[in-house]
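*Asks:* Below: sequence and its predicted model.
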Amino acid sequence: MSDSIDIGAFRVWALPDGAADLPTWAMNPDLDGGDPVTWAAYAERAPGGFHGPDHLWRIHNTCFLVESADDRVLVDLGVGVGPYPWYQGLRGSLLARMAEAGFDPDTVTQVFLTHAHPDHVGWAVDEERGAPRFPNARYRLHRTDWHFFSGRGTVPKHFTRFVEPLARAGVLDLLDGEAEILPGMTALETPGHTAGHMSLLLRSRGEGLVIAGDVLNSPMYVTEPERPFGSDADQAQAIATRVRLVERIAAEGWRVAAPHFPAPGWGAVVLEEGRRWWRGG
Ligand SMILES: [Zn+2]
């Protein structure tokens, strides 16, 4: 099942790569001895993101395809062929979802990678052919994330498999700072989850949508952006980024989407009982 939403002249498609019921709250939002999260309130509002009586995390992993008059931009590339061990052996479904929706991989003109974690770059390269999976696309990644992963003593395996081949094929563009990648489509620097993490802002005809990437990993973080997330590389920086981004989205009245929210992953920020909440749809 694919789903779409119009943001002005852009059409945004949700192309789920799959979901997994994680056995614990891997995000550790109660770090530093904070009060426990009242998950029931979030599960009631966004039931698709939870499972079981303890409201554990059903992690979705949605890729987005943004269509404009001349371009098709894929935002993040899921876990790939798999099996992906951290999502209970998930085998990604992005290509199948694209085929169902009638999108030929050859027609993708850009791939925007919010960051270079393995659950966001899995479909970048066709390892059987030894070539980029989207042959006519430029791939965009922040320069800082390139160095963040490639500069390690031991480069993570997923990076050598799915990102370094893009550079060798000459299709990888490294971004610096805030950048308009297409008219109305702006890469925002949102560091903390990784050093070079980016979000993508779409603006058209007075409407806006931020595809937040892993700045917001649960609807809970729209309400409580100051909570830590266990997998952020730099906790303090990630919290500052999250607080700033949620404030900006609310002030501008933009919609917000995120790959790990319940699919299709987009919604509005609404004010209820004096607090902000994410409301899907
Ligand atoms: Zn992720």
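*Replies:* Cool, the structure landed. Residues are numbered from 1 along each chain as shown.
*Asks:* Check the gap between Y84 and E164 for me.
*Replies:* Distance of Y84 to E164, given as Cβ to Cβ, to the nearest Å: 19 Å. Bear in mind the C-beta positions are built from the backbone N, C-alpha and C, glycine included.
*Asks:* For those two, indicate the residue with more neighbours.
*Replies:* Y84 (22 against 16; other Cβ atoms under 10 Å).
*Asks:* List of residues touching stretch 87-106?
*Replies:* 2, 13, 15-22, 59, 61, 63, 65, 72, 77-84, 119, 122-123, 133-136 (Cβ atoms under 8 Å, 6 or more residues apart in numbering).
*Asks:* Just the buried residues of those.
*Replies:* By neighbour count, with 16 or more other Cβ atoms under 10 Å, the contacts of stretch 87-106 hold 2, 13, 15-20, 22, 59, 61, 63, 65, 72, 77-80, 82, 84, 119, 122-123, 133-134 as buried.
*Asks:* check those against the ion, which are close?
*Replies:* D119 (Cβ under 5 Å from the ion).
*Asks:* Now, the buried ones among the contacts of stretch 87-106 that are in strands?
*Replies:* If you go by DSSP state E, the buried ones among the contacts of stretch 87-106 have 13, 15-20, 59, 61, 63, 65, 72 in strands.
*Asks:* Give me every residue in the chain lying close to the ion.
*Replies:* Counting by Cβ under 5 Å from the ion, the residues of the chain that sit close to the ion are 119, 214.
*Asks:* Helices of the chain, start to end?
*Replies:* Under the criterion DSSP state H, the chain contains helices at 39-45, 94-101, 143-150, 157-162, 164-168, 220-223, 235-252.
*Asks:* Can you point out the buried residues in the second one?
*Replies:* When neighbours are counted by 16+ other Cβ under 10 Å, the buried residues of helix 94-101 are found to be 94-95, 97-98.
*Asks:* Nearest to the ion among the residues you listed?
*Replies:* Taking Cβ to the ion as the measure, the ion lies nearest L94 of these, at 14.0 Å.
*Asks:* okay, the closest one: pLDDT?
*Replies:* Note on L94: pLDDT of 98.
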